[in-house]
Every structure is written in C-alpha cells, then in structure tokens.
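> what shape does this take:
(one chain, ligands or ions: 2)
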Amino acid sequence: MAAPHVTGTLALLWAYEWTEGYTQLKNRLLTSTDARTNLAGLCQTGGRLNLNGALNTAFWQPRNDNFANAYTNAKPSSASSITFVANNVDATKETGEPNHAGNAGGKSVWWNWTAPDNSSVTFTTKGSGFDTLLAVYTGSSVSGLTLVASDDNSGQCNTSQLTFTPVSGTTYRIAVDGYNGAQGTIRLNLQTSSAAQPTSLQFTLSTVQRPSGQFSVTVTGPASAAVTLDTSSDLSTWTPGYATFTLSGSGSFAYTDTSASPSVRFYRASISSSGQQSCNVVGYVDRTMPSGMYSMHCNPLNGSDNHINAVLPSMSNGDTLSKWDDATQQWMTSNIFISGSGWSDPSMILAPGEGFLISVGTTLTHSFVGEVAQAYSVNPVPNLQSIRSSIVPQAGRVMTDLHLPVINGDTVTRMINGSYVTYTYSGGAWSPSEPSVSIGESFWNNKNVGFWWHRNYLVWP
Ligand SMILES: [Ca+2]
Ligand SMILES: [Ca+2]
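Residues are numbered from 1 along each chain as shown. Ligands and ions are numbered 1, 2, ... in the order given. Next up, the predicted model:
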C-alpha cells in the first residue's frame, strides 16, 4: 500500500466517521483489508486496502484484538531486532482468556511468533504509550494456553520486558494488554539482546511545588546521568536545553526553576548520552479567579492527589465552587471553603477533563501543578448539558485544535468576564465564530447526542 492512497482513504473515512479518533479509523482500515496470498507475511495484515470494507465494517477495535486474529511476527534473520507498532484502543478480553502478568487488564491484542531456532529471544514493549502487560504462551485456543513467560514492569516507564529460550518451530502466542485496562499505542520489540533497561527517568509527582516565581520537582533516573530539561508553553513546541544538571549517585536531583514567571510552563527531561527520555511531563498552569463574578476552570494537571483540598488548598472563607451533575442535569451541592477547616465536601475530586464554576471573595491567581495526562484517553461528553475541559492542557479552537466532537445544533458556552457567551454549530459552521479556550478553562457543552472526546498525547511522539 502506497502512503498517498492510505492518506486519501483515511481522509475519506474520517469525513464519514468523523467522531472517531485516529486509532479507531486506522483500526477500521487494517481490519477490513482483503487478504492476499502474495502479501502474506510481508505486512501485518497480509492484505490489500479496501475503502468500501472500511466504510462498512462495524469493527473499529484493533484487528488483532481476538486470539484467533493474531498478527504474525517474524524477524529477518539478518536483523538483531524488529519493532511492531499497533494499539489496543477499545480492545477486549475474551471468554476464558487468562490474566496476563497477574493483572486483570481487559484490552489485549495478540501476535504469533514461530521460533526459527533454539536461540534465546527477548520481547519488550519499550516505547509504548501506557502501562503494559506482556505474556507469552503456547497453545491453540485462548482458553487453553500454557504460560511460557510474563512481565508487568521490567521495562522503563511501566512497560514490560521478558526473555525465554524457545523450541525451534514452535509457535508462541504473545499477548500485550494494559494494566487495569490502560490503552494506547503499542510498540512490541523482538530482539536478541536481553540487556536490562536503565532505570526510568521521571519526575516525582508528589514533589511538584510552585512557590511564587519558582517551580520545583525531583527528577529520578540512572545514577550520575547528565539530564537536559526542555520547556514548552503549549505541549507542541519545545525549547530544548532550558536547564541541565547531573543526577546524584543514587539517581536523584531536586530541581528548581527560579525563573518560573510565565503563566504556563511544562517540563520534560532526557539524557543526551543515551537518548533516554522521561516517562512524564510536569508543569504548572496559573489561573486568575476574579472576585465579584463566576469564572470557569478545570484542574488542568493530574496531581498525586486530585481531591479538592489538595488541588485548591489556599482559598478564602466563603469561596464557593460548583460542579454540574450530568446524570440529573442539576448542580451538585455547592462546595464552600471554610477558613481553618477547608472545603465543606472534602471528598470532591477535580480531575483533568472535568470543569467547575467558582466564586471568590478576593481576586487571586491560583497555580495548578502536576503532570500532563498521557496516552490514549476518553472524555465522555453526554447529551444535554455538561461542563468539560480538554484532558490535555492545551489552548485553542475547541473543534479544530482540541478535537471536540460536535454535530449541527450543538452549542458551547464560555464564561467571559462573568457573562455567558454561547457559540452554536449549525450548517457545518460556528456562529458567531468557533470558540477558542485557554489552558485550564472549562466550558458548557449542550449536545444533541453524547460523544466521546478522544485525545492521545505522548510526551515523545
Ligand atoms: Ca483481546
Ligand atoms: Ca506494566
């Protein structure tokens, strides 16, 4: 399949199935190919593009979701490694399927690999976008498998790695699943090297702090590694080499940015000598909450604790926060800050993707801190009224830049200087214009049909 054909086909398919994310559209294409004997073993599907099939299939799960539809792997005898790229978005667990690597998972996909000889072989999921599970079996049915090896977290960033010695000519069944049903982009690597991967390079979420004008976080990774920090204000364009430092002999460094004066800054890390990249992105988002009016916000960053007292700890007596209940289409009971004891409902969670209204007695600028939600995520936007925000903390036009799914008749309502402004999508166009939101802003949706708002953010694309 030549790339221009595939691109054109995907564009047509997107026009038809425009509420789906790109992984689902890709799955439709791969699922609906025509099998061709002359392509068998040469590409993962062993088939030819079929646009009509893609338009008509009701199946947007990965083609290799079920055991019986496993992709077939082979490594060229001259190569030391090969990587297969796939995803487990919307994949399922079959009846009788075992738990992989000791976790219930729930979104498995499958490969077959036939050993060319008796040489030790290593499989890893390094570079996958989420917390993977990996298991290798023999057997001919999903409910009658014999475990050969399995692993949860021996790779970097909660990915998996295992090594075993195969029997020449035996076909092994390889499952990749997501821990507790996590999903996203998969890289399955088949290699001869069994070397352990270096310690993960990551920001410790619980150490993120934002004193005035500063931002601090502890970075952990391989001992004595020279680390470079990149910064960004939009998670799209990165400024490389903002700071450099060396981890201690125990693999740790307490970093402080003493010039954290912009209202938004994100940080990612890498080790230039090895190319190793950080598992996560952390940062801060400053939001002004004006007194004498309501304003709409979200918690833009995932914290180590997303309870309201951890997210908004320093408010004034009487400040009032309101969330909307989608199911009953009513306001939840107002949450009121009481000096000395905190919020009246401390059990309330403020998670990325949700939104709230707040009324404060004294104008303040609050800094949200934490990490960026990564991998494939779904934000359900129900029919009727709901308050939502982008799961990924980015600004922009809601549909064009942030991929909010809308149909004719849907509205978006923003709070601007204490007053509501409504934008209507009708006849394929926005009136008065497509709404553009800021980082950390939430807004009302009034929808005719509920949709899933998909995002798939990777720190290192
Ligand atoms: Ca499956
Ligand atoms: Ca894992």
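> immediately after the longest helix along the chain, which helix or strand?
Criterion DSSP state H: the longest helix present in the chain is helix 3-16. For helix 3-16, the following helix or strand on the C-terminal side (DSSP states H and E) is helix 22-31.
> angle of the longest helix of the chain against helix 22-31?
120 degrees (axes from the mean of the first three to the mean of the last three Cα atoms, to 10 degrees).
> mind listing what's buried in helix 3-16?
By neighbour count on 16 or more other Cβ atoms under 10 Å, the buried set for helix 3-16 is Thr9, Leu10, Leu13. Every residue, glycine included, has its C-beta placed from N, CA and C.
> the closest residue to the first one other than its chain neighbours: neighbour count?
Looking back up the chat, that one is Thr9. Nearest in space to Thr9, with sequence neighbours left out and distances taken as Cβ to Cβ, 6 or more residues apart in numbering, is Leu51 at 5.0 Å. Other residues near Leu51 number 17, with proximity taken as other Cβ atoms under 10 Å.
> now do the one 4 residues further on
Neighbours of Leu55 under the rule other Cβ under 10 Å: 14.
> do the same with Trp18
Neighbour number of Trp18 under other Cβ under 10 Å is 11.
> find the nearest non-adjacent residue to it, please.
Spatial nearest neighbour of Trp18, excluding adjacent residues (Cβ to Cβ, 6+ apart): Pro405 at 7.4 Å.
> please report phi then psi for the one you found.
phi -80, psi 130 (degrees, to the nearest 10).
> give me the neighbour count for it.
If we define neighbours as other Cβ under 10 Å, then Pro405 has 20 of them.
> any idea of the pLDDT on the residue in the chain that ligand 1 sits nearest to?
Going by Cβ to the ion, ligand 1 is nearest to Ser108 of the chain, at 3.8 Å. Looking at Ser108, its pLDDT reads 98.
> wait, isn't it in contact with His100?
Yes - if you go by Cβ atoms under 8 Å, Ser108 and His100 touch, sitting 6.5 Å apart.
> residues in contact with both of those two, list them for me.
Counting by Cβ atoms under 8 Å, 6 or more residues apart in numbering, the contacts common to Ser108 and His100 are Ala175, Asp177.
> need the residues of the stretch 151-300 of the chain near ligand 2, please.
By the rule Cβ under 5 Å from the ion, the part of the stretch 151-300 of the chain lying against ligand 2 is Asp152, Asn153, Asn158, Tyr179.
> take those and keep only those in strands.
Among these, no member falls in strands (DSSP state E).
> redo these as CSV? Include distance to Thr165 and pLDDT.
Listed next are those as CSV, based on distance: Cβ to Cβ, whole Å; pLDDT from 0 to 100:
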residue, distance to Thr165, pLDDT
Asp152, 21, 98
Asn153, 22, 97
Asn158, 26, 96
Tyr179, 27, 97
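> could I get the residues you listed as CSV with neighbour count and distance to ligand 1?
Shown next, in CSV, are these (neighbours: other Cβ atoms under 10 Å; distance: Cβ to the ion, whole Å):
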residue, neighbour count, distance to ligand 1
Asp152, 21, 17
Asn153, 17, 21
Asn158, 19, 20
Tyr179, 21, 15
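> contact partners for the residue nearest to Thr9?
Leu51 sits in contact with Thr9, Leu12, Leu13, where contact means Cβ under 8 Å, 6+ apart.
> between the residues you listed, which sits nearest Asn317?
Leu13 (55.1 Å; Cβ to Cβ).
> test my guess that the closest one contacts Arg28.
Yes - using Cβ under 8 Å, Leu13 is in contact with Arg28, at 6.4 Å.
> which neighbours do those two share?
Contacts common to Leu13 and Arg28, judged by Cβ under 8 Å, 6+ apart, are Ala54.
> low-confidence stretches in the stretch 151-300 of the chain?
Within the stretch 151-300 of the chain, not a single segment meets pLDDT under 70.
> which residues of it fall in strands?
Along the stretch 151-300 of the chain, the segments classed as strands by DSSP state E, counting those that start in this stretch run 161-164, 171-178, 185-191, 202-203, 215-220, 226-232, 239-246, 252-257, 264-271, 276-277, 282-289, 294-297.
> tell me which of those strands lies nearest to Thr333.
Closest among the strands of the stretch 151-300 of the chain, using Cβ to Cβ: strand 294-297, at 16.6 Å.
> so what's the residue count around the residue in the stretch 251-400 of the chain that ligand 2 sits nearest to?
Closest to ligand 2 within the stretch 251-400 of the chain is Cys279: 11.5 Å, counting by Cβ to the ion. The number of residues packed near Cys279 is 21, by other Cβ under 10 Å.
> so what's the nearest residue to it once chain neighbours are set aside up against?
Setting aside the residues directly before and after it, Cys279 is nearest to Cys157 in space (Cβ to Cβ, 6+ apart), at 3.6 Å. For Cys157, the contacting residues are Ser200, Gln202, Cys279, by Cβ under 8 Å, 6+ apart.
> so what's the second one bridging to?
Using DSSP bridges, the beta-bridge partners of Gln202 come out as Thr220.
> for Tyr255, see how far away it is.
12 Å (Cβ to Cβ, to the nearest Å).
> comparing those two, which residue is more hemmed in?
Shown here are Gln202 and Tyr255; by other Cβ under 10 Å, Gln202 has more neighbours (20 against 17).
> wait, the more buried one sits on Asn280?
Yes - applying Cβ under 8 Å as the test, Gln202 and Asn280 come out as touching, 5.5 Å apart.
> same for the longest helix of the chain, what does it pack against?
On a contact count with 3 or more Cβ pairs under 8 Å, 6 or more residues apart in numbering; DSSP states H and E, helix 3-16 meets helix 22-31, helix 51-56.
> remind me which residues of the stretch 351-461 of the chain are low pLDDT?
Along the stretch 351-461 of the chain, segments meeting pLDDT under 70 are nowhere present.
> where do the strands sit along it?
356-359, 364-371, 375-381, 384-388, 396-397, 411-416, 419-426, 429-431, 436-437, 443-447, 451-457.
> neighbouring contacts of the last one?
This points to strand 451-457. 19-24, 129, 184-185, 235, 353, 372-381, 388, 390-392, 403-405.
> distance from the chain centre to that strand, please.
9 Å (Cα atoms, centre = their mean, to the nearest Å).
> cool, and the third one?
Between the centre of strand 375-381 and the centre of its host chain there is 8 Å, according to Cα atoms, centre = their mean.
> quick check: residues of the protein near ligand 1?
Asp65, Ala91, Ser108.
> what helix or strand is the first one on?
Using DSSP H and E, Asp65 sits in no helix or strand.
> what about it, neighbour count?
By other Cβ under 10 Å, neighbour count at Asp65 equals 23.
> what about the closest residue to it other than its chain neighbours, neighbour count?
With sequence-adjacent residues excluded and distances taken as Cβ to Cβ, 6+ apart, Asp65 is closest to Ala91, at 4.5 Å. For Ala91, the count of nearby residues is 25 (other Cβ under 10 Å).
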